[in-house]
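Enquirer: sequence? don't have it. structure:
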């Protein structure tokens, strides 16, 4: 069976101007830092990014913010990174805010072949603006539509050659298992690379079929 | 005990053994120090059973809470991804959430995610106010410049409408009821008149107005 382990050079060559990139992780901890290095080295600009937050300045996705390679971001919170706010105020970064629960479901829909989800979250707030209100089972909901990315970059605790993934903890899981499914190309960096079978079937959280490339 | 801990201790009295509770960042995050035993804390990035925050000891970087603080897992803790985390929140399984506020209105509307010059994002707050059984605001009664945070109508973007149940401050506790805002507890050294003049909407003084508990 062919291994999905890919060279850094090949991964760097995947990133192009104008792409939409989904990034796993939260609060700047345990983000796919080596894959973020690859984006920076690729020189790709004018990116659209999906990320729960924008980390702290110069950390995690905060490094892409600082390098000014993102034009548009769909996120939930930017309060920990003043760089992000400065770029929003300057008009060089367009930000769309989504509640986390809706954001992650939009990503999940992108990965799971769904067009969107119905949620009550955001009713009566600006989140409602421009979205369809739908009545189902006698209750009113907002329609939140799917988010699909060109490339998803995530980090796993363990990966095997065919891309089966396992995680650890809250920070070490967060949005990673969901984000890993929403890209046309799913690239994962792993802390531990395992032999086939070393991650037992019951431990696999993301089946390898969702993963295209592994950075060991 | 400083005001922040005083507020957190009072807010924690709404939790009971067996409850699963979510704490926001800032004053709410301190509530964990004062809850009765058997209360389980959830962090949005995917864990139930968040124990003591860890200082000066070796801990896995896979265990940080949504505020970016490392914690020790409590016995019986469990980890999951963000989609499941917000499924738990939206589906009404969270006994309570404690959040900070920029403004609370007389109807129990909450604004806590954007100011005119800075949108930091709603993060998980919109899902929490929509899904948690009790929404407790833990905040200082007035803003740093002395202006009221308890207002007739919110002027800042809403996090949720008619969602707040209790407002715990360093001077009093105010309950949101169908009849209006009820002043139910007052701290020693403060008067009803002083509280009424520090807030915009009219307050109903509870016939069972209690004194807030001080340090034992």
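Expert: It's in. Everything numeric here is computed off the predicted structure, so don't read it as measured data. Numbering: from 1, shown residues only, chains lettered A, B, ... in the order given.

Enquirer: C-alpha only now, for contacts and for neighbours.
Expert: OK.

Enquirer: which residues of the chain fall in helices?
Expert: Answering for chain A, as no chain was given. A:8-12, A:33-42, A:62-66, A:82-90, A:100-112, A:176-179 (DSSP state H).

Enquirer: not quite, I wanted chain B
Expert: Secondary structure of chain B, counting by DSSP H: helices at B:3-12, B:82-90, B:125-131, B:192-198.

Enquirer: Pull the residues that contact the third one.
Expert: So that's helix B:125-131. Taking contacts as C-alpha atoms under 8 Å, 6 or more residues apart in numbering or on different chains, the residues outside helix B:125-131 that touch it are A:99-101, A:120-122, B:86, B:89-94, B:97, B:99, B:135, B:159-160, B:163-164.

Enquirer: so can I have a markdown table of the helices of chain B showing distance to residue B:152, mean pLDDT and mean neighbour count?
Expert: Formatted as a markdown table, those follow (distance: least, C-alpha to C-alpha, whole Å; pLDDT from 0 to 100; neighbours: other C-alpha atoms under 10 Å in any protein chain shown):
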| stretch | distance to residue B:152 | mean pLDDT | mean neighbour count |
| --- | --- | --- | --- |
| helix B:3-12 | 23 | 96 | 22 |
| helix B:82-90 | 28 | 97 | 23 |
| helix B:125-131 | 19 | 97 | 28 |
| helix B:192-198 | 12 | 97 | 13 |
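
Enquirer: any chance of those helices in a markdown table, with distance to residue B:66 too?
Expert: Compiled in a markdown table, the helices of chain B are given as follows (distance: least, C-alpha to C-alpha, whole Å):
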| stretch | distance to residue B:66 |
| --- | --- |
| helix B:3-12 | 18 |
| helix B:82-90 | 11 |
| helix B:125-131 | 12 |
| helix B:192-198 | 32 |
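
Enquirer: any bit of stretch B:112-121 sitting next to chain A?
Expert: Yes: taking C-alpha under 8 Å from any C-alpha of the partner chain as the criterion, stretch B:112-121 and chain A are in contact, through B:118, B:119, B:120, B:121.

Enquirer: Not counting its neighbours along the chain, what's nearest the third one?
Expert: So the one you mean is residue B:120. residue A:79 (4.3 Å; C-alpha to C-alpha, 6 or more residues apart in numbering or on different chains).

Enquirer: Could you give the backbone dihedrals for the one you found?
Expert: Dihedral pair for residue A:79: phi -60, psi -20, per degrees, to the nearest 10.

Enquirer: That one: what's it in contact with?
Expert: By C-alpha under 8 Å, 6+ apart, residue A:79 lies in contact with A:85, B:119, B:120, B:121.

Enquirer: ok, now residue B:30?
Expert: B:4, B:5, B:8, B:9.

Enquirer: Over to residue A:198?
Expert: Counting by C-alpha under 8 Å, 6+ apart, residue A:198 touches residue A:160.

Enquirer: From chain B, how far out is it?
Expert: As judged by C-alpha to the nearest C-alpha, to the nearest Å, residue A:198 and chain B stand 21 Å apart.

Enquirer: same question, residue A:25
Expert: Using C-alpha to the nearest C-alpha, residue A:25 is found at 9 Å from chain B.

Enquirer: and that residue, how many neighbours does it have?
Expert: By other C-alpha atoms under 10 Å in any protein chain shown, the residues close to residue A:25 number 30.

Enquirer: just to revisit the earlier point, quick one: which of the helices of chain A is nearest chain B?
Expert: helix A:100-112 (5.1 Å; C-alpha to the nearest C-alpha).

Enquirer: contact partners of the closest one?
Expert: Outside helix A:100-112, the residues that touch it by C-alpha under 8 Å, 6+ apart are A:52, A:75-76, A:115-117, A:119, A:121, A:144-149, A:175, A:178-179, A:181-183, B:82-83, B:86-87, B:90, B:122-124, B:127.

Enquirer: quick one: buried residues of that helix?
Expert: Neighbour counts over helix A:100-112 (16 or more other C-alpha atoms under 10 Å in any protein chain shown) mark A:100, A:101, A:102, A:103, A:104, A:105, A:106, A:107, A:108, A:109, A:110, A:111 as buried.

Enquirer: Could you export these as JSON lines, including pLDDT?
Expert: Converted to JSON lines, these look like this (pLDDT from 0 to 100):
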{"residue": "A:100", "pLDDT": "98"}
{"residue": "A:101", "pLDDT": "98"}
{"residue": "A:102", "pLDDT": "98"}
{"residue": "A:103", "pLDDT": "98"}
{"residue": "A:104", "pLDDT": "98"}
{"residue": "A:105", "pLDDT": "98"}
{"residue": "A:106", "pLDDT": "98"}
{"residue": "A:107", "pLDDT": "98"}
{"residue": "A:108", "pLDDT": "98"}
{"residue": "A:109", "pLDDT": "98"}
{"residue": "A:110", "pLDDT": "98"}
{"residue": "A:111", "pLDDT": "98"}
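
Enquirer: is residue A:206 in a bridge, and if so with what?
Expert: residue A:165 (DSSP bridges).

Enquirer: Please compute how far stretch A:149-156 lies from its chain's middle.
Expert: Centroid separation between stretch A:149-156 and its chain, computed with C-alpha atoms, centre = their mean, to the nearest Å, is 6 Å.

Enquirer: who in chain A is up against chain B?
Expert: Going by C-alpha under 8 Å from any C-alpha, the residues of chain A near chain B are A:26-27, A:29-30, A:52, A:76-79, A:85, A:97-101, A:104-105, A:108, A:120-126, A:168-178.

Enquirer: Spatially nearest residue to residue A:19 (excluding sequence neighbours)?
Expert: Closest residue to residue A:19 in three dimensions, ignoring its sequence neighbours and counting by C-alpha to C-alpha, 6+ apart: residue A:47, at 5.2 Å.

Enquirer: so the one you found makes contact with residue A:15?
Expert: No: contact status for residue A:47 versus residue A:15: not in contact, 9.6 Å apart, counting by C-alpha atoms under 8 Å.

Enquirer: For residue A:199, the count of nearby residues, please.
Expert: By the criterion of other C-alpha under 10 Å, residue A:199 has 18 neighbours.

Enquirer: Equivalent analysis for residue B:63, please.
Expert: Per other C-alpha under 10 Å, the neighbour tally for residue B:63 reads 29.

Enquirer: List the residues that contact residue A:12.
Expert: A:38, A:39, A:41, A:42.

Enquirer: about what we covered before: how about JSON lines for the helices of chain A, with distance to residue B:212 added?
Expert: As requested, the helices of chain A are exported to JSON lines (distance: least, C-alpha to C-alpha, whole Å):
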{"stretch": "helix A:8-12", "distance to residue B:212": "60"}
{"stretch": "helix A:33-42", "distance to residue B:212": "48"}
{"stretch": "helix A:62-66", "distance to residue B:212": "43"}
{"stretch": "helix A:82-90", "distance to residue B:212": "38"}
{"stretch": "helix A:100-112", "distance to residue B:212": "35"}
{"stretch": "helix A:176-179", "distance to residue B:212": "44"}
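
Enquirer: Right, I'll call it a day here.
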